[in-house]
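Sequence first, predicted model second:
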Amino acid sequence: QQQVKQSPQSLIVQKGGISIINCAYENTAFDYFPWYQQFPGKGPALLIAIRPDVSEKKEGRFTISFNKSAKQFSLHIMDSQPGDSATYFCAAGGAGSYQLTFGKGTKLSVIP
Amino acid sequence: DGGITQSPKYLFRKEGQNVTLSCEQNLNHDAMYWYRQDPGQGLRLIYYSQIVNDFQKGDIAEGYSVSREKKESFPLTVTSAQKNPTAFYLCASALAGGTYEQYFGPGTRLTVT
């Protein structure tokens, strides 16, 4: 089974700080890497996604960094806010399939 | 208001009973998916369908069944054969044809006692 390994499992960040969540994948045929944000009791919402032809993508305070040679990608949340407190999932997809393989999630808590 | 709807939000059943979870989308998406979410386990794929009247097993299909008779609907039946059915169930859809962006519904929390 293709895996996506996500770390850390939980993260506590001060308001205004930078939150960093990392993911590593195995299948080099993956060509789509999204991040989802999930609040308690809700469905995940697509936050930002990247393709391997770029090394970085930024949308507001959220940035994905992608390292193809290391098979790693990460989510950076700048100026973290208490409203960012949620569980974040990375995923990988492509390789001729419409399936996504998800990491196990990171619970982020941003404290005032 | 376009999107994915799942009903009910909470569902309680007795052990040994089959139960069907509803998923409807009005996004005109071709592909639909069912995931199971357990604490600390991420999202695990149960079944997916890329076109009407066709579906494939995911990683944890045992004890579940689906149908795809209409493009808008992809109901999931949790059968009595599923050993640990209590979980949060999520439905998602995607516009097929080379895109992988999946959009999720609000989920159904199933509790079996």
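Now that the structure is in, tell me what you want to look at. Just so you know, these numbers come straight off a predicted model, no measurement behind them. Residues are numbered from 1 along each chain as shown, chains lettered A, B, ... in the order given.

residues touching the closest residue in space to B:Pro106 that isn't next to it in sequence, list them.
Leaving aside its sequence neighbours, B:Pro106 sits nearest to A:Gly43 (CB to CB, 6 or more residues apart in numbering or on different chains; 4.9 Å). No exception for glycine: its C-beta is placed from N, CA and C like everyone else's. Taking CB atoms under 8 Å, 6 or more residues apart in numbering or on different chains, we find A:Gly43 in contact with B:Ile4, B:Gln6, B:Leu90, B:Ala92, B:Phe104, B:Gly105, B:Pro106, B:Gly107.

any idea how far A:Gly43 lies from B:Phe104?
The gap separating A:Gly43 from B:Phe104 is 4 Å, by CB to CB, to the nearest Å.

how about low-confidence regions in chain A?
Chain A contains residues with pLDDT under 70 at A:1-2.

At the contact with chain B, which residues of it appear?
A:1, A:6, A:9, A:32, A:34, A:36, A:41-46, A:49, A:89, A:93-94, A:98-100, A:102-105 (CB under 8 Å from any CB of the partner chain).

again, only using 7 Å
Within chain A, the positions near chain B by CB under 7 Å from any CB of the partner chain are A:1, A:32, A:42-44, A:46, A:49, A:89, A:93-94, A:98-100, A:102-105.

bridging residues for the most centrally placed residue in chain B?
Residue closest to the mean C-alpha point of chain B, counted by CA atoms, centre = their mean, is B:Trp34 at 2.9 Å. Under the criterion DSSP bridges, B:Trp34 forms beta bridges with B:Tyr47, B:Cys91.

Also A:Ser7?
On the basis of DSSP bridges, A:Ser7 is bridged to A:Asn22.

Now for it, how many residues are close by?
Applying other CB atoms under 10 Å in any protein chain shown, we find 16 residues neighbouring A:Ser7.

next one: the one 10 residues further on
A:Gly17 is surrounded by 14 other residues when neighbours are defined as other CB under 10 Å.
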